[in-house]
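>>> make a model of this:
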Amino acid sequence: MESTLDIFVKAIFSENMIFAYFLGMCSYLAVSKTVKTAVGLGAAVIFVLVVTVPVNYLLENYLLKEGALSWLDPNSETLANMDLSFLAFIMFIAVVASIVQLVEMLVEKFAPALYGALGIFLPLIAVNCSILGGALFMQERQYSTILDATAFSLGSGIGWFIAIVAIAAIREKIRYSNVPAPLRGLGITFIITGLMGIAFMSFMGIKYGKDEAPKQTAVVQTIDKTQP
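Residues are numbered from 1 along each chain as shown. The predicted structure follows:
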């Protein structure tokens, strides 16, 4: 069983939302022209993920999945068999949209310059694939505690933040490079993203957690018993 730290580290590196699953590419490509806007959007994505995934975890485990409502009345057979998982998409999206609206209001209030720079892409966090992807991965992997779900959401947000800030820094530098005309703009950005994705594949070789001592097979145990 994975530890909370393992889940957090894997979400940043070997299971990076951008480089492993290519989720949230529209915002990643559109808002990564400058580091300043990339940092602002990356921080907003971290906040939205850290809030929405744990909230959706609670909804999933205490409201939606089969038997989740049994805490209301442990003796009720009807509640024990009730399955509301068909509402998962609607509920997850409603939570995401609500938190994104809150983030938009906060950014407009306290950072109007950043709000103007992000433009339409700030409310579009609501349809950012990485946000809904975080909730769906949480649902699929069935994390045992809300702490594990929170660690996954924070790691996923940090991984997305690293990806967009890194590509923004590179795009600022290559403006002064002699890039072939047909590749300027999104062309060279796609190539760099692919190379960064290949580089992040190296993190898949990291061993997470402690390896258990190998167990003897039945054949080996039989041989050991026959030895004098």
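>>> show me where this structure has its strands.
Under the criterion DSSP state E, the chain contains no strands.
>>> and for the nearest residue to Met82 once chain neighbours are set aside, the neighbour number?
Nearest residue to Met82, sequence neighbours excluded (CB to CB, 6 or more residues apart in numbering): Leu69, at 5.3 Å. For glycine as for every other residue, the C-beta is placed from the backbone atoms N, C-alpha and C. Residues near Leu69, counting by other CB atoms under 10 Å, number 19.
>>> how about Ala149, what does it touch?
53-54, 57, 138, 143 (CB atoms under 8 Å, 6 or more residues apart in numbering).
>>> spatially central residue for this protein, please.
Centroid-nearest residue in the chain: Ser156, 3.4 Å away (criterion: CA atoms, centre = their mean).
>>> for it, which residues are in contact?
Contacts of Ser156 (CB under 8 Å, 6+ apart): 11-12, 15, 17, 49, 53, 130, 134, 137.
>>> and the residue nearest to it when sequence neighbours are not counted, what is it in contact with?
Spatial nearest neighbour of Ser156, excluding adjacent residues (CB to CB, 6+ apart): Ala11 at 4.6 Å. Contacts for Ala11 (CB under 8 Å, 6+ apart) come out as 151-156, 158-159.
>>> mind pulling the model confidence for Ala11?
pLDDT for Ala11: 93.
>>> burial check on the spatially closest residue to Pro54 that is not a sequence neighbour, number of neighbours?
Excluding the flanking residues, the one nearest Pro54 by CB to CB, 6+ apart is Thr150, at 5.0 Å. Other residues lying near Thr150 total 21 when counted by other CB under 10 Å.
>>> Thr150 contacts Val51, correct?
No - using CB atoms under 8 Å, Thr150 is not in contact with Val51; the gap is 9.7 Å.
>>> what distance separates stretch 42-56 from the centre of its chain?
9 Å (CA atoms, centre = their mean, to the nearest Å).
>>> quick one: contacts of it?
With CB under 8 Å, 6+ apart, stretch 42-56 has contacts from 24, 27, 91-92, 95-96, 99-100, 103, 107, 118, 122, 125, 128, 130-131, 134-135, 138-139, 146, 149-150, 152-154, 156-158, 160-162, 164-165.
>>> about what we covered before: the residue nearest to Pro54: what's it in contact with?
Contacts for Thr150 were tallied using CB under 8 Å, 6+ apart; they are 50, 53-54.
>>> and for Thr193?
18-19, 28, 167.
>>> do the same with Asp73
Contacts of Asp73 (CB under 8 Å, 6+ apart): Leu79.
>>> could you give the number of residues near the residue nearest to Leu122 when sequence neighbours are not counted?
Spatially, and ignoring its direct neighbours in sequence, Leu122 is nearest to Glu104 (5.4 Å; CB to CB, 6+ apart). Neighbours of Glu104 under the rule other CB under 10 Å: 17.
>>> what do you get for Gly157?
Neighbours of Gly157 using other CB under 10 Å come to 26.
>>> check Leu79 too.
Leu79, neighbours per other CB under 10 Å, totals 15.
>>> isn't it up against Tyr62?
No - using CB under 8 Å as the test, Leu79 is too far from Tyr62 to be in contact (11.7 Å).
>>> which neighbours do those two share?
Leu69.
>>> picking that back up, ok, of the contacts of stretch 42-56, which come out buried?
Buried subset of these (neighbour count, 16 or more other CB atoms under 10 Å): 24, 27, 91-92, 95-96, 99-100, 103, 107, 118, 122, 125, 128, 130-131, 134-135, 138-139, 149-150, 152-154, 156-158, 160-162, 164-165.
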